[in-house]
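Visitor: need a structure here:
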Amino acid sequence: MNVFIVYAHPSEDSFTRRVRDRFIAGLESAGHRHTVSDLYRMNFRTDMSEEEYLREACYRLEAPVPEDVRLEQEKINRSDGIVFIYPVFWSDVPAKLKGWFDRVWTYGFAYGLQKDGRRSMKQLEKGLVICSAGNTMDYFRETGILKSMERTMLDDRLYDRVKTKELVILEATSRENSSREENWDSRLDRVFSLAVKFFE
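Guide: Numbering: from 1, shown residues only. Have a look, this model is predicted:
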């Protein structure tokens with residue numbers, strides 16, 4: 001498979017960066033190809049311009065899609081699967097990734113219809129969301145945040161754009177958590193296995 005990885009973390013010295021690297025190692029060991037958009041290193045612009053807003057709000061559908069957005073859409077349509085790797089910020093994705101969705105999920109591509117009655121985004125076979133989080137799974141379940149995250153990422157952002165999708169939370173990974181170091185290797189091994197098995 002050809003897998004497109006959308007990665008969002010502001011620091012190169014992070015557990016999440018190691019998750020990304022381990023995931024890529026798993027993909028390569030299984031013979032999969034991959035492309036990475038590292039949103040912070042790319043300095044991907046996340047704020048929607050007024051012209052983009054007018055296009056998305058159906059005032060000016062003839063307005064062109066910006067070049068940086070078009071390139072991301074091309075990466076999607078060249079892929080069989082998509083993976084999002086990021087840290088949980090306030091029960092959601094970092095603003096950089098939220099802005100990626102705001103700008104890349106354009107009208108006629110990811111939602112709405114073009115003149116021929118279709119969306120131009122292909123339906124991907126697989127979609128995987130891997131996020132590192134400071135809180136525990138018990139916390140996410142008890143507060144209802146887990147269900148909210150699943151609904152937002154899987155049911156809204158990925159929706160029918162992906163046939164098979166899954167959310168994986170690597171819990172209690174913040175630096176002050178004592179279990180971070182204890183479970184470091186096992187979490188990275190889990191990520192490697194995911195890369196191998198999920199895209200079979």
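
Visitor: Mind telling me which residue is nearest the centre of this protein?
Guide: With distances taken as C-alpha atoms, centre = their mean, residue 84 lies nearest the centre of the chain, 2.4 Å away.

Visitor: Run through the bridge partners of it.
Guide: residue 6, residue 129 (DSSP bridges).

Visitor: Just the endpoints, please. Distance across stretch 145-157?
Guide: The straight-line separation of the ends of stretch 145-157 (C-alpha to C-alpha, to the nearest Å) is 16 Å.

Visitor: Just the buried positions in it, please.
Guide: Under the neighbour-count criterion of 16 or more other C-beta atoms under 10 Å, stretch 145-157 has 145, 146, 149, 150, 152, 153, 154, 157 buried. Heads up, the C-betas are built off the backbone N, CA and C, glycines and all.

Visitor: Okay, and the second one sits in which element?
Guide: Read it as residue 146. helix 145-150 (DSSP states H and E).

Visitor: Identify all contacting residues around that helix.
Guide: 88, 91, 92, 137, 139, 140, 167, 169 (C-beta atoms under 8 Å, 6 or more residues apart in numbering).

Visitor: right, and the helix or strand after that helix?
Guide: Next element after helix 145-150 (DSSP H and E): strand 162-170.

Visitor: residues in contact with that following strand?
Guide: 15, 19, 81-82, 88, 123-133, 137, 140, 146, 149-150, 153-154, 158, 187, 190-191, 194, 198.

Visitor: coming back round to it: list only buried entries from the contacts of helix 145-150.
Guide: 88, 92, 140, 167, 169.

Visitor: Please report the distance of the last one from residue 125.
Guide: Relative to residue 125, residue 169 is positioned 23 Å away (criterion: C-beta to C-beta, to the nearest Å).

Visitor: do the third one as well
Guide: Distance, residue 140 to residue 125, using C-beta to C-beta: 27 Å.
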